[in-house]
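1. mind looking at a prediction? Sequence and model below.
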Amino acid sequence: MRCTRCKTDFCYKCGERFRYLKFFGDHYSKLSIFGCKYRFKADQPVQRKVIRGAIFGGKLIAAPVLGALALCAGALAVGISVFALPVYGGIRLYRHYEGRQTKIIRRHTPTFPVPNISLHLSHSFV
């Protein structure tokens, strides 16, 4: 349902305003702290709050840990690439010039058989 004055969306069951946070869920999520109280254990409010609070606390603890792991993985990837990319580039450059040398040698070799004729010249001009 929507308020005609402020254009805000509300839940028709509990009357609360809809909230949405990407990592923590929205009003339609069962296990989100922003979820509707009638969607998950409506008759047991204490148990619902404990379960939703535990999940929220786990997400709050997991977010910085996962962020730190992602940061470490990025730093490790940059550190490895500093050494690996020049080596890889050198290998490619070496193979490129090695391939050019074999093409140049092949280009200058004749494709037909050359007879081996040796000329015997005498050194006597008298």
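-> Happy to help now that I have it.

2. quick one: contacts for the most centrally placed residue in the chain?
-> Note on the chain: the residue nearest the mean C-alpha position is G74, at 9.6 Å, using CA atoms, centre = their mean. Contacts for G74 (CB atoms under 8 Å, 6 or more residues apart in numbering) come out as none. Quick note: C-beta positions are derived from backbone N, CA and C, even for glycine.

3. my read is I33 is in a strand, agree?
-> No. Counting by DSSP: H, G, I helix; E, B strand; the rest coil, I33 falls outside a strand, being coil.

4. hey, where'd the helices end up in this structure?
-> 45-108 (DSSP state H).

5. which pLDDT value belongs to K103?
-> Per-residue pLDDT puts K103 at 64.

6. actually, Y94.
-> 88.

7. same deal with Y28?
-> 73.

8. and G79, by the same measure?
-> pLDDT, G79: 92.

9. repeat for G89
-> G89 is given a pLDDT of 91.

10. ok, R2 next?
-> On the pLDDT scale, R2 gets 75.

11. residues in contact with the residue nearest to it when sequence neighbours are not counted?
-> Closest residue to R2 apart from its sequence neighbours, by CB to CB, 6 or more residues apart in numbering: D9 at 5.4 Å. By CB under 8 Å, 6+ apart, the contact set of D9 is M1, R2, R17, F18.

12. what is the neighbour count of the third one?
-> Read that as R17. By other CB atoms under 10 Å, 12 other residues sit near R17.

13. and T8, how far from F34?
-> Between T8 and F34 the computed distance is 15 Å (CB to CB, to the nearest Å).

14. so those two - more neighbours on which side?
-> F34 (18 against 10).

15. confirm for me that the more buried one is in contact with C14.
-> No. Counting by CB atoms under 8 Å, F34 stays clear of C14, with 11.3 Å between them.
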